[in-house]
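Engineer: Generate coordinates for the sequence data below:
(chains A, B, C and D)
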Protein chains: 4
Amino acid sequence: MQIQLTEQKQEFNKRHTKTRRRSLSRSISQSSTESFSSAYSDSSEDESSPKDKLQKTSKGLSDFCIKNIKYASHGRREIEIAEQEMPALMVLRKRAGGEKPLAGAKVVGCTHITAQTAVLIETLCALGAQCRWAACNIFSTQNSVAAALAEAGISVFAWRGESEEDFWWCIDRCVSAQTWQPNMILDDGGDLTHWIHKKYSTMFLKIKGIVEESVTGVYRLYQLSKAGRLCVPAMNVNDSVTKQKFDNLYCCKESILDGLKRTTDVMFGGKQVVVCGYGEVGKGCCAALKALGAIVYVTEVDPICALQASMDGFRVIKLSEIVRQVDMVITCTGNIVSRCFHFTMKCKNGCIICNMGHSNTEIDLVWTYSGCVTNFLRGRICGIHLCFCVSVTVVSQALALIELYNSPEGRYKQDVYLLPKKMDEYVASLHLSTFEAHLTELTDEQAKYLGIGKHGPFKPNYYR
Amino acid sequence: MQIQLTEQKQEFNKRHTKTRRRSLSRSISQSSTESFSSAYSDSSEDESSPKDKLQKTSKGLSDFCIKNIKYASHGRREIEIAEQEMPALMVLRKRAGGEKPLAGAKVVGCTHITAQTAVLIETLCALGAQCRWAACNIFSTQNSVAAALAEAGISVFAWRGESEEDFWWCIDRCVSAQTWQPNMILDDGGDLTHWIHKKYSTMFLKIKGIVEESVTGVYRLYQLSKAGRLCVPAMNVNDSVTKQKFDNLYCCKESILDGLKRTTDVMFGGKQVVVCGYGEVGKGCCAALKALGAIVYVTEVDPICALQASMDGFRVIKLSEIVRQVDMVITCTGNIVSRCFHFTMKCKNGCIICNMGHSNTEIDLVWTYSGCVTNFLRGRICGIHLCFCVSVTVVSQALALIELYNSPEGRYKQDVYLLPKKMDEYVASLHLSTFEAHLTELTDEQAKYLGIGKHGPFKPNYYR
Amino acid sequence: MQIQLTEQKQEFNKRHTKTRRRSLSRSISQSSTESFSSAYSDSSEDESSPKDKLQKTSKGLSDFCIKNIKYASHGRREIEIAEQEMPALMVLRKRAGGEKPLAGAKVVGCTHITAQTAVLIETLCALGAQCRWAACNIFSTQNSVAAALAEAGISVFAWRGESEEDFWWCIDRCVSAQTWQPNMILDDGGDLTHWIHKKYSTMFLKIKGIVEESVTGVYRLYQLSKAGRLCVPAMNVNDSVTKQKFDNLYCCKESILDGLKRTTDVMFGGKQVVVCGYGEVGKGCCAALKALGAIVYVTEVDPICALQASMDGFRVIKLSEIVRQVDMVITCTGNIVSRCFHFTMKCKNGCIICNMGHSNTEIDLVWTYSGCVTNFLRGRICGIHLCFCVSVTVVSQALALIELYNSPEGRYKQDVYLLPKKMDEYVASLHLSTFEAHLTELTDEQAKYLGIGKHGPFKPNYYR
Amino acid sequence: MQIQLTEQKQEFNKRHTKTRRRSLSRSISQSSTESFSSAYSDSSEDESSPKDKLQKTSKGLSDFCIKNIKYASHGRREIEIAEQEMPALMVLRKRAGGEKPLAGAKVVGCTHITAQTAVLIETLCALGAQCRWAACNIFSTQNSVAAALAEAGISVFAWRGESEEDFWWCIDRCVSAQTWQPNMILDDGGDLTHWIHKKYSTMFLKIKGIVEESVTGVYRLYQLSKAGRLCVPAMNVNDSVTKQKFDNLYCCKESILDGLKRTTDVMFGGKQVVVCGYGEVGKGCCAALKALGAIVYVTEVDPICALQASMDGFRVIKLSEIVRQVDMVITCTGNIVSRCFHFTMKCKNGCIICNMGHSNTEIDLVWTYSGCVTNFLRGRICGIHLCFCVSVTVVSQALALIELYNSPEGRYKQDVYLLPKKMDEYVASLHLSTFEAHLTELTDEQAKYLGIGKHGPFKPNYYR
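Structural biologist: As a prediction, this is how the structure comes out:
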């Protein structure tokens, strides 16, 4: 089963071998859908390509291309469940719904198409935007959700299992509608931005900005900017404080135990574990493992993080010093570990090797298979990429769109910007109600004493 | 005893009412000295002002002004103990001693004069610098240490219990020696810089830079810079990652329990505590208190920090909701708390109120006394400002001096700079040996994969 | 799915409504087997009753009754994996294998039949015993494991999905073999003991003792003893320190997070949780939940446990005070909670209710369904009974058998005994190698100082 | 200073070399008194022996012998503060005050005489008892408290700095008053019981029982019982659950950090620490040290405790494996460590050695001095015996007196008994209000289901 999982992942990543992309997050509703969707998509009667079919919504609309419009009602239920789990976005929809801050916005989007992003898309519409949407990944689309969006009148072009050609065809159909020209881009990975650059560069004259959330996409934008080829302002929502903490520290603290237990049923008490890397991901993993009774060692290249690990109670060692005695190796480096250290050859029988990094090259599975087969047989490998924290991301995306769309001419140049601190704080504040957390308000006297506004931003930019 | 402590503190801070200054850190050797020093300074035969006495070292030097040169041997022992407790600085002394990176540097300094700073000063000398030194605080000088420095040939002008007039006289004597003109400034609080600006502004033509470590002094430098009146580059060593983490997160995590136990002998298990502010200081306090079995609530104004508190397992409430039921209130806001919330009137009998912030105005004692005497009688107040982390600070200061002194003309403009990431990482790496922490080194392949140098800097500037 | 799970459980427990029985533990190998086994048992060609078939092992033996002897090779692999996961039992097999401490023992057993218990049974054989075995539960038998045991020459009478009649038939076949009369009983639940009492009471003349590990079975033994009807010594291995700590504290600390995540994908950070009961199970749950960032409240009836909860940092409240605001209710009372408190009516929408107690009556599902349907729809219920700790149990059982079988006449009377402290310590010591834990040995001087033997027992009986 | 401390301790323990006695607990009020008392007792005018002076209370009473009746008002204030800090005892006084459960009781007591025990003594009086009291330790008496008790009409015979002869004289004066014969004994260490046995054994005919709380005293009672020489029932209040948890687990968890910081100002983050012994004391120390960021190793002789340490996340090693690399050695063995392992010769420079055990022979200081002077110079030794938990002890003592005094003839034989579970639970319940902990009450149905009384006892005797 494990090998299968891994092989599937490798195929999954074929298109993306060279991009570093956090793979699909999963959640309750999604996992239940998966079985549902696969049931449908596996069924033999549905082998035809969506491109070859003409489908219509109950209202007679047909400007979309998806697997099967009949899945719409199931997808709608998925979206409704997701709405309950994303109160922050719903609060935003409610608060800003009256003002229609995105009135006139024509947003072309390219993201995973899941119940969660559907809530985002429909929120953008509720705030006044018109949207056309493609999938940023050929495997991650929830067909039922795509159907529900189409049925709701949104022009979606996506299905699970697109070919490479399908992938670009869908993006193209989003961008180049006859009666419609986008003025905002919401991208996840940079493929949409890349396509417009390549095929429709004059469109940038009308585009007010790009919002990008992935590591890869942001990297591409900085490259463009450096090369002087970025024509519009771009908002990097990947590196805001709130998103970073949730995507890395909190998400991994929550998911490391779960992922290991589900895959291996290992007991944590008394287990010796080495965590490679003490960045946010490593910090989260170490905290959770220590709390459950594991004995945790850390490897680091960065002395600042190494010192933090020491102060937090973890011995900082080199992998070679400890690899023979540990029961688990968790990599959180964002780097390539296994090829270099050849550690799998030395680890003890039954040692569990787990990649918590966002790059699937962090542990070189192919190499591991071919280079040390006996060794693999000795260990078990699990790839964990859970993320409970989609809500923080989509709220950040929505606010970034609003900020770029409404900012006065000239505030943002043709450059890449972080989400303004105040927006970052607003993302956080929208999530507080989940915890029934009550914020204190500064008095005038206190705000003056600190020399800041009563409603923030509260901290210097460097504060994390 | 508590009242006395507080009153002494108020007098202590008389000069500094309007400055926000972290008060004197303390350590083993210092506390033992305190009794020693006070024994001497209290003795009736020594009431004369140091300014009126001519003293000579055993080698006949007299370019200094201190309480009593006879204390030198005791002070030397204090310094030797401090050397053992500051291995990082000693490693730096050893490593860089051969190169003499400060050869030709003439450093005028104004800091607390304690065994720890003495190790710094002597390290600067070992690296090639000439030094003249005054105290940045009229109460904090360890007279025996000042004597040991003088005996070692360093021109020190400082004693415990200087008058306002003495204070500026000492600074002036450091700056304006006949045969000597400073080319580097090491300041703590900005008084030395201010004095040179006011009286000897032409000196700045020869000065290569200022190193400043206090919040107040840094604030003054930014004001100068904004006003276009900063004539030389300045290095802000207060806001580097390593120093911030140690001064705030780690220091407070270590000291909150200790401070409360020493002052009140309180038991933490089961106590209900509200911590006001969830910045680095608040995070450290909350972690320690929770770990010892207290039930901790948090108040926050900043939604990002509030969300972090929630995710870390602390209920975020308003002070007014909880003040009646808690056993302790810990303020870590950097703001003025008590006057605004009038909380002391509502807290229950025996409630302990503790200021962990660096401003002594965080809880307005005077107001607390006069405004709600019965109330005070009900609570107990402790002011804790421990810092185990002097080593990180002084190493940062030394490296900042080296960086500014050796940087090629033009690298640093007339502006305020953070310590370069690489130097920050070096500060951290010098402290790793204390923990027998073994750093991993990147392979060429890995460094290339990440697009960074093999020896750092390893993280983006915003990473904390 | 959840409802189904629950209904299945109710049927599962039909036979046992009045017994309080920890339901089937699960583990890696078992869960993988389940799908395998069900595949086989679901197949239509195999609907016939095992009782109607004559099967033979490859060596021609036929004194057993199981689903299908063909599953033996698969079952053997399961047992081999289990052997790796139960090093303690394998060490015992190795250490005591030479002495054959059970030579002459004829053990009739009635336990769950899983890969883990198979390792126990084969260990007993390796130590010299002859064994006949039945299942203590009509649903929990791993058919492939039963086949492997039969193939190895052990007389097993058990299959998954026995009828009530089958159940007693199997037990009877174990007890009453023509050429064989048991002299030791290993029971789990008391059904075997009950059957012998009822049908073959004269057998007790030859029986040296009973080993019983379940709460129910132990309870029955104490009843017999009180009534003066216990004819042989019995060893209660349920209440030894090592087993109690593992079954309750450590097992639940490990499994609560996992169980909740698998069932509900809930995020723990910032969630408000009330844990009902602060015994060993509650202590484990609270520690794990707190460590992952949940805000945990405790309800208790016992002031000693309530005081412990307070000192450990948990607010002790009544359920009614907190039920409206919590996100989860975890019951660990060993008592009947829901019927009495009617709490489900008051809990908030989406509140998760989880029974960690070992009684499935802890939350009265039937009542919950009928009495407050809307409410149920609001909450989700999960039943978690994981146990990683089978190894501790089976080693305790083996040692108890050895102790009873080898003790000189008269040491044990017709009464119920706890596992002797020294044996309890030996169970623990056999598990230390898993953690590479190195025990210190007392010197003669130290043992004398403490007034104990050099090799234990080390603590008073009451120490836990 | 440290050496002085140690020498004083050695003298302090001269009388008690062979007894294992937890030394004097300390608390807020006491520590402030100490300076006060020493001021008085050091004054040259007061060198005369209390035995030579005739003193009278303001009411003219003179049946007492203390340092100076003039200290009474100061002592009264100390007692009043202690009353606030011991709410449990005050609640008992209030609840039981009406019934006078000790009416007719004549209690002779021999304990430390501190503000806390004064609250106990006055509670006994409030419940109807008449009391005469001596000190169980020649150095621990708070003279002001003794004065306050005398002034309140209680016959106290005790002062700080008694000679050996004084010590027994005081006890004798308590026992053998002309108009008074004791019928209850409250002892701490067994000296009082020993004296009555030796000199007034016929008194036992009238004595209803002995309450003893020290390890030594309890040990002596068991010896007497074994030898058939115990003439009355005795209650061992040392081993009740509540007292054990507080004296050991909670007390040490609270005090280890504090004790180390006060004595050495050590920073815990990243420090490597070995804790010898993982009983209740070791468990508390390990939990606190780990929580503050220390890397903790454990040594154990008992496999059950070793397994617990492993599961709790601590590597179990032998001292010899780790002694060279650790920064601290904490002994919690209740055994003699240093002489045997000669470990101090091998520990690294600056290593801190700390005895948390209750025996001052745990680390053999004399041997350490003479045998490895250089070594001692290298380490620092601190002896920590804090106890915040006096309240639990004195409430247990009071309840034990009530139980013995009121039990019907014959319930207790001439043997040593543990405090009945129900009383133990009552001790706990009296302390719950401190934490505003709200106990849940069993319904009739639930109590029946569990087969216990609605008001306890709730757990089997072995539960801890």
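
Engineer: CA only for contacts and neighbour counts going forward, please
Structural biologist: Fine.

Engineer: model confidence over the helix or strand where A:D166 lies, on average?
Structural biologist: Per DSSP states H and E, A:D166 falls inside helix A:164-175. For helix A:164-175, mean pLDDT rounds to 97.

Engineer: One more: stretch A:315-323?
Structural biologist: 91.

Engineer: So what touches it?
Structural biologist: Contacting residues not belonging to stretch A:315-323 are listed as A:274, A:276, A:296-300, A:306, A:309-310, A:329, A:341, A:343, A:346-348, B:435-440, D:270, D:295 [Cα atoms under 8 Å, 6 or more residues apart in numbering or on different chains].

Engineer: if we can go back for a sec, buried sites along the helix holding A:D166?
Structural biologist: When neighbours are counted by 16 or more other Cα atoms under 10 Å in any protein chain shown, the buried residues of helix A:164-175 are found to be A:166-175.

Engineer: list the helices and strands it packs on?
Structural biologist: If you count contacts as 3 or more Cα pairs under 8 Å, 6 or more residues apart in numbering or on different chains; DSSP states H and E, helix A:164-175 packs onto strand A:106-111, strand A:130-135, strand A:155-157, helix A:191-199.

Engineer: Could I get these in TSV, plus columns for mean neighbour count and distance to C:V232?
Structural biologist: Shown next, in TSV, are these (neighbours: other Cα atoms under 10 Å in any protein chain shown; distance: least, Cα to Cα, whole Å):
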stretch	mean neighbour count	distance to C:V232
strand A:106-111	25	72
strand A:130-135	26	72
strand A:155-157	27	76
helix A:191-199	18	78
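
Engineer: Between these, which one is closest to C:M423.
Structural biologist: strand A:106-111 (61.3 Å; Cα to Cα).

Engineer: Tell me if I'm right that A:S73 and A:A148 touch.
Structural biologist: Yes. Assessed by Cα atoms under 8 Å, A:S73 is found in contact with A:A148 at 6.4 Å.

Engineer: more crowded one of those two?
Structural biologist: Under the criterion of other Cα atoms under 10 Å in any protein chain shown, the comparison of A:S73 against A:A148 puts A:A148 first, with 27 against 15.

Engineer: Spit out the contact partners of the more buried one.
Structural biologist: So A:A148 contacts A:69, A:71-76 (Cα under 8 Å, 6+ apart).

Engineer: can we see that at 10 Å?
Structural biologist: Contact analysis of A:A148 by Cα atoms under 10 Å, 6 or more residues apart in numbering or on different chains lists A:57, A:68-79, A:115, A:118, A:154, A:156.

Engineer: Show only the entries of those found in strands.
Structural biologist: Members of the contacts of A:A148 lying in strands (criterion: DSSP state E): A:V156.

Engineer: filter the contacts of A:A148 to the buried ones?
Structural biologist: For these, a burial check counting by 16+ other Cα under 10 Å picks out A:57, A:68-72, A:74-79, A:115, A:118, A:154, A:156.

Engineer: The stretch 151-300 of chain A: helices as residue ranges?
Structural biologist: A:164-175, A:191-199, A:215-226, A:241-244, A:251-264, A:280-291 (DSSP state H, counting those that start in this stretch).

Engineer: And the shortest one, how far out from the chain middle?
Structural biologist: With Cα atoms, centre = their mean, to the nearest Å as the basis, the distance from the averaged C-alpha position of helix A:241-244 to the chain average is 12 Å.

Engineer: Also stretch A:278-292?
Structural biologist: Distance of stretch A:278-292 from the chain centroid (Cα atoms, centre = their mean) equals 20 Å.

Engineer: Report the rounded mean pLDDT for it.
Structural biologist: Mean pLDDT, stretch A:278-292: 95.

Engineer: before we move on, what about stretch A:298-310?
Structural biologist: 93.

Engineer: Going by neighbour count, which residues of the longest helix anywhere in chain A are buried?
Structural biologist: If you go by DSSP state H, chain A has its longest helix at helix A:390-406. Going by neighbour count (16+ other Cα under 10 Å), the buried part of helix A:390-406 is A:390-405.

Engineer: which one of those is nearest chain B?
Structural biologist: Nearest to chain B among these is A:V392, at 11.2 Å by Cα to the nearest Cα.

Engineer: do you know how far the closest one is from A:A398?
Structural biologist: 10 Å (Cα to Cα, to the nearest Å).

Engineer: Next, show the common contact partners of these two.
Structural biologist: A:89, A:427.

Engineer: Drop anything exposed from the contacts of stretch A:315-323.
Structural biologist: Buried residues within these, defined by neighbour count using 16+ other Cα under 10 Å: A:274, A:276, A:296-300, A:306, A:309-310, A:329, A:343, A:347-348, B:435-440, D:270, D:295.

Engineer: where are the low-confidence patches of the stretch 1-150 of chain A?
Structural biologist: A:1-46 (pLDDT under 70).

Engineer: Enumerate the residues of the stretch 101-250 of chain A near chain B.
Structural biologist: Taking Cα under 10 Å from any Cα of the partner chain as the measure of proximity, the stretch 101-250 of chain A contacts chain B at A:239, A:241-242, A:245-246, A:250.

Engineer: same thing with the stretch 351-464 of chain A?
Structural biologist: Going by Cα under 10 Å from any Cα, the residues of the stretch 351-464 of chain A near chain B are A:421-422, A:424-450, A:454-459, A:461-464.

Engineer: what do you get if the cut-off is 6 Å, keeping everything else the same?
Structural biologist: Selection of the stretch 351-464 of chain A residues close to chain B by Cα under 6 Å from any Cα of the partner chain yields A:425, A:428-429, A:437-441, A:462.

Engineer: and which of the residues you listed is nearest C:A103?
Structural biologist: Among those, and counting by Cα to Cα, the member closest to C:A103 is A:A437, at 66.6 Å.

Engineer: Need the nearest residue in space to that closest one, chain neighbours excluded.
Structural biologist: B:V316 (4.7 Å; Cα to Cα, 6 or more residues apart in numbering or on different chains).

Engineer: Quick check on that neighbour: phi, psi?
Structural biologist: Dihedral pair for B:V316: phi -100, psi 120, per degrees, to the nearest 10.

Engineer: What segments of the stretch 351-464 of chain A are strands?
Structural biologist: Here the stretch 351-464 of chain A has its strands, by DSSP state E, counting those that start in this stretch, at A:352-355, A:380-383, A:416-418.

Engineer: need the least confident one among those, by mean pLDDT.
Structural biologist: Among these, strand A:380-383 carries the lowest mean pLDDT (a mean of 37).

Engineer: thinking again about what came up before, which of the helices and strands packed on helix A:164-175 sits closest to D:T179?
Structural biologist: The closest of the helices and strands packed on helix A:164-175 to D:T179 is strand A:106-111. By Cα to Cα, the value is 95.2 Å.

Engineer: Show residues contacting stretch A:275-287.
Structural biologist: Residues outside stretch A:275-287 that contact it (Cα atoms under 6 Å, 6 or more residues apart in numbering or on different chains): A:248-249, A:252-253, A:298-300, A:305, A:330-333.

Engineer: Pull the contacting residues for A:L89.
Structural biologist: A:V395.

Engineer: Mind checking which of the buried ones among the contacts of A:A148 are in helices?
Structural biologist: A:72, A:74-79, A:115, A:118.

Engineer: want to throw these into a markdown table with distance to A:R95?
Structural biologist: Output for these, formatted as a markdown table (distance: Cα to Cα, whole Å):
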| residue | distance to A:R95 |
| --- | --- |
| A:A72 | 28 |
| A:H74 | 28 |
| A:G75 | 26 |
| A:R76 | 23 |
| A:R77 | 24 |
| A:E78 | 23 |
| A:I79 | 20 |
| A:A115 | 22 |
| A:A118 | 19 |
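
Engineer: and those residues, which two are the farthest apart?
Structural biologist: Taking every pair in those and measuring Cα to Cα, the maximum separation is 13.3 Å, between A:H74 and A:A118.

Engineer: Please give me every residue in contact with the residue nearest to A:D63 when sequence neighbours are not counted.
Structural biologist: Nearest in space to A:D63, with sequence neighbours left out and distances taken as Cα to Cα, 6+ apart, is A:S155 at 5.6 Å. If a contact means Cα under 6 Å, 6+ apart, then A:S155 has A:63-64, A:132 as its contacts.

Engineer: If anything else comes up later, I'll come back, but that's it for now.
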